[in-house]
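>>> The following comprises the amino acid sequence and a computationally predicted model.
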Amino acid sequence: MRLMAAILVSLLPTVAFAVGNNVNEPPAPTPTSTECTGAQVWDETTKTCVDAKSGRLDDDALFRAVRELAWAGRPEDALGVLAAMQEGESDRVLTYLGFAHRRAGRLEEGLVWYDRALRRNPDNLLARSYLGQTYVQLYEMDLARAQLTEIRARGGAGGWPETALRLAIETGETPGY
(Lines give C-alpha, C1' and ligand atoms only; values in the text may rest on other atoms or scores of the structure.)
Protein backbone atom coordinates (compact mmCIF):
# COMPACT_ATOMS: atom_id res chain seq x y z
CA MET A 1 0.00 0.00 0.00
CA ARG A 2 2.84 2.41 0.83
CA LEU A 3 4.50 1.59 -2.48
CA MET A 4 1.28 2.41 -4.34
CA ALA A 5 0.99 5.73 -2.48
CA ALA A 6 4.62 6.58 -3.28
CA ILE A 7 4.05 5.83 -6.97
CA LEU A 8 0.93 7.99 -7.07
CA VAL A 9 2.70 10.89 -5.34
CA SER A 10 5.60 10.64 -7.80
CA LEU A 11 3.15 10.86 -10.71
CA LEU A 12 1.38 13.99 -9.44
CA PRO A 13 3.62 16.48 -11.28
CA THR A 14 3.08 14.57 -14.54
CA VAL A 15 -0.67 14.46 -14.01
CA ALA A 16 -0.75 18.15 -13.11
CA PHE A 17 1.19 18.99 -16.27
CA ALA A 18 -1.07 16.82 -18.42
CA VAL A 19 -4.11 18.59 -17.04
CA GLY A 20 -2.56 22.01 -17.74
CA ASN A 21 -5.69 23.25 -19.47
CA ASN A 22 -7.93 22.45 -16.57
CA VAL A 23 -11.38 23.97 -17.09
CA ASN A 24 -11.60 24.47 -13.35
CA GLU A 25 -9.18 27.39 -13.39
CA PRO A 26 -8.72 30.41 -15.64
CA PRO A 27 -6.68 29.76 -18.79
CA ALA A 28 -3.24 31.28 -19.27
CA PRO A 29 -2.81 33.69 -22.19
CA THR A 30 -1.17 32.23 -25.32
CA PRO A 31 -0.61 33.67 -28.81
CA THR A 32 -4.32 32.97 -29.48
CA SER A 33 -5.26 35.92 -27.27
CA THR A 34 -2.09 37.96 -27.61
CA GLU A 35 -1.34 37.73 -31.36
CA CYS A 36 -4.32 36.32 -33.26
CA THR A 37 -7.29 38.47 -34.26
CA GLY A 38 -10.98 37.74 -34.64
CA ALA A 39 -11.92 34.07 -34.55
CA GLN A 40 -8.38 32.94 -35.21
CA VAL A 41 -6.54 30.36 -33.13
CA TRP A 42 -2.81 29.80 -32.72
CA ASP A 43 -1.70 26.63 -34.48
CA GLU A 44 1.32 25.17 -32.66
CA THR A 45 2.26 23.05 -35.67
CA THR A 46 2.58 25.93 -38.13
CA LYS A 47 3.30 28.63 -35.51
CA THR A 48 0.67 30.85 -37.14
CA CYS A 49 -2.82 32.11 -36.48
CA VAL A 50 -5.41 30.11 -38.42
CA ASP A 51 -9.10 30.68 -38.94
CA ALA A 52 -11.10 28.57 -36.50
CA LYS A 53 -13.23 27.26 -39.39
CA SER A 54 -10.17 26.07 -41.34
CA GLY A 55 -10.58 22.48 -40.09
CA ARG A 56 -6.92 22.33 -39.02
CA LEU A 57 -7.68 22.13 -35.31
CA ASP A 58 -9.73 19.61 -33.37
CA ASP A 59 -12.54 20.54 -31.00
CA ASP A 60 -10.30 20.32 -27.93
CA ALA A 61 -7.87 22.88 -29.38
CA LEU A 62 -10.77 25.10 -30.39
CA PHE A 63 -12.32 24.78 -26.95
CA ARG A 64 -9.09 25.87 -25.27
CA ALA A 65 -9.11 28.91 -27.56
CA VAL A 66 -12.75 29.66 -26.70
CA ARG A 67 -11.96 29.68 -22.99
CA GLU A 68 -8.89 31.82 -23.47
CA LEU A 69 -10.62 34.37 -25.70
CA ALA A 70 -13.66 34.64 -23.42
CA TRP A 71 -11.46 35.14 -20.37
CA ALA A 72 -9.30 37.66 -22.25
CA GLY A 73 -12.32 39.90 -22.76
CA ARG A 74 -12.93 38.86 -26.38
CA PRO A 75 -16.34 37.20 -26.07
CA GLU A 76 -17.43 37.83 -29.67
CA ASP A 77 -14.27 36.13 -30.95
CA ALA A 78 -14.91 33.26 -28.53
CA LEU A 79 -18.40 32.87 -29.99
CA GLY A 80 -16.89 32.75 -33.48
CA VAL A 81 -14.59 29.92 -32.44
CA LEU A 82 -17.45 28.09 -30.69
CA ALA A 83 -19.36 28.20 -34.00
CA ALA A 84 -16.48 26.32 -35.65
CA MET A 85 -16.62 23.41 -33.20
CA GLN A 86 -18.11 20.16 -34.48
CA GLU A 87 -19.23 18.52 -31.24
CA GLY A 88 -22.64 20.13 -31.09
CA GLU A 89 -24.38 21.17 -27.91
CA SER A 90 -22.22 19.42 -25.34
CA ASP A 91 -22.44 20.81 -21.83
CA ARG A 92 -18.98 22.38 -22.18
CA VAL A 93 -20.03 24.20 -25.37
CA LEU A 94 -23.28 25.34 -23.76
CA THR A 95 -21.38 26.52 -20.67
CA TYR A 96 -19.05 28.66 -22.74
CA LEU A 97 -21.89 30.01 -24.86
CA GLY A 98 -23.26 31.25 -21.55
CA PHE A 99 -19.89 32.56 -20.39
CA ALA A 100 -19.16 34.42 -23.65
CA HIS A 101 -22.60 36.02 -23.68
CA ARG A 102 -22.23 37.02 -20.04
CA ARG A 103 -18.78 38.50 -20.72
CA ALA A 104 -20.36 40.46 -23.61
CA GLY A 105 -22.89 41.93 -21.17
CA ARG A 106 -25.81 39.78 -22.27
CA LEU A 107 -26.55 38.35 -18.82
CA GLU A 108 -30.05 37.07 -19.56
CA GLU A 109 -28.83 35.20 -22.64
CA GLY A 110 -26.02 33.72 -20.56
CA LEU A 111 -28.60 32.40 -18.09
CA VAL A 112 -30.38 30.55 -20.90
CA TRP A 113 -27.19 28.78 -22.00
CA TYR A 114 -26.17 27.86 -18.44
CA ASP A 115 -29.63 26.39 -17.88
CA ARG A 116 -29.26 24.27 -21.03
CA ALA A 117 -25.79 23.11 -19.94
CA LEU A 118 -27.11 22.08 -16.53
CA ARG A 119 -30.08 20.25 -18.04
CA ARG A 120 -27.55 18.27 -20.09
CA ASN A 121 -25.21 17.71 -17.12
CA PRO A 122 -26.43 18.71 -13.63
CA ASP A 123 -22.93 17.96 -12.25
CA ASN A 124 -21.23 20.60 -14.42
CA LEU A 125 -19.68 22.57 -11.56
CA LEU A 126 -18.21 25.21 -13.83
CA ALA A 127 -21.64 25.97 -15.33
CA ARG A 128 -23.01 26.21 -11.80
CA SER A 129 -20.22 28.59 -10.79
CA TYR A 130 -20.72 30.80 -13.84
CA LEU A 131 -24.48 30.73 -13.33
CA GLY A 132 -24.00 31.79 -9.71
CA GLN A 133 -21.62 34.55 -10.79
CA THR A 134 -24.27 35.81 -13.21
CA TYR A 135 -26.72 35.91 -10.32
CA VAL A 136 -24.18 37.97 -8.36
CA GLN A 137 -24.02 40.42 -11.26
CA LEU A 138 -27.84 40.56 -11.23
CA TYR A 139 -27.84 41.12 -7.42
CA GLU A 140 -29.73 37.83 -6.93
CA MET A 141 -27.62 36.72 -4.00
CA ASP A 142 -30.02 34.00 -2.78
CA LEU A 143 -29.88 32.33 -6.19
CA ALA A 144 -26.07 32.66 -6.23
CA ARG A 145 -25.85 31.05 -2.79
CA ALA A 146 -28.12 28.23 -3.96
CA GLN A 147 -25.61 27.44 -6.74
CA LEU A 148 -22.76 27.52 -4.21
CA THR A 149 -24.67 25.01 -2.09
CA GLU A 150 -25.20 22.80 -5.17
CA ILE A 151 -21.49 22.93 -6.06
CA ARG A 152 -20.55 21.84 -2.55
CA ALA A 153 -23.21 19.12 -2.47
CA ARG A 154 -21.89 17.73 -5.75
CA GLY A 155 -18.33 17.36 -4.42
CA GLY A 156 -16.91 20.72 -5.50
CA ALA A 157 -15.91 22.13 -2.11
CA GLY A 158 -12.44 23.67 -2.31
CA GLY A 159 -12.26 23.54 -6.12
CA TRP A 160 -11.96 26.51 -8.42
CA PRO A 161 -15.70 26.71 -9.31
CA GLU A 162 -16.60 26.83 -5.62
CA THR A 163 -13.84 29.29 -4.75
CA ALA A 164 -14.65 31.64 -7.64
CA LEU A 165 -18.35 31.73 -6.77
CA ARG A 166 -17.72 32.09 -3.05
CA LEU A 167 -15.42 35.06 -3.68
CA ALA A 168 -17.92 36.61 -6.08
CA ILE A 169 -20.63 36.36 -3.42
CA GLU A 170 -18.31 37.82 -0.76
CA THR A 171 -16.99 40.69 -2.89
CA GLY A 172 -19.75 41.32 -5.43
CA GLU A 173 -17.17 41.00 -8.22
CA THR A 174 -16.65 38.14 -10.67
CA PRO A 175 -13.16 36.95 -11.64
CA GLY A 176 -11.52 37.81 -14.95
CA TYR A 177 -8.18 38.82 -16.42
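Happy to help now that I have it.

>>> And the strands in this protein?
Taking DSSP state E as the test, the strands found in the chain are 40-43, 48-51.

>>> and residue 83, which of those strands is closest to it?
Between residue 83 and the strands of the chain, the shortest separation by C-beta to C-beta is 11.5 Å, and it involves strand 48-51. Heads up, the C-betas are built off the backbone N, CA and C, glycines and all.

>>> Counting neighbours, which bits of that closest one end up buried?
Buried residues in strand 48-51, counting neighbours by 16 or more other C-beta atoms under 10 Å, are found at 49, 50, 51.

>>> Tell me which of the strands of the chain approaches residue 58 most closely.
That would be strand 40-43 among those, by C-beta to C-beta, at 10.9 Å.

>>> Buried ones in stretch 124-142, by neighbour count?
Going by neighbour count (16+ other C-beta under 10 Å), the buried part of stretch 124-142 is 124-137.

>>> Could you break the chain into its assigned domains?
Domain assignment of the chain by automatic domain parsing yields the ranges 27-87, 89-177.

>>> Let me have the ones you listed in CSV, adding mean pLDDT as columns.
Compiled in CSV, the domains of the chain are given as follows (pLDDT from 0 to 100):
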stretch, mean pLDDT
domain 27-87, 95
domain 89-177, 95
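
>>> Next, find the distance separating residue 46 from residue 52.
The spacing between residue 46 and residue 52, counted by C-beta to C-beta, to the nearest Å, is 14 Å.

>>> out of the two, which sits in the busier spot?
When neighbours are counted by other C-beta atoms under 10 Å, residue 52 comes out ahead of the other of residue 46 and residue 52, with 27 against 9.

>>> and the closest residue to that one other than its chain neighbours, what is it in contact with?
Distance criterion C-beta to C-beta, 6 or more residues apart in numbering; nearest residue to residue 52, sequence neighbours excluded, is residue 84 at 3.8 Å. Residue 84 sits next to 39, 52, 53, 62 when contact means C-beta atoms under 8 Å, 6 or more residues apart in numbering.

>>> Just the buried ones out of the residues you listed, please.
Neighbour-count burial within the contacts of residue 84 applies to 39, 52, 62; the criterion is 16+ other C-beta under 10 Å.
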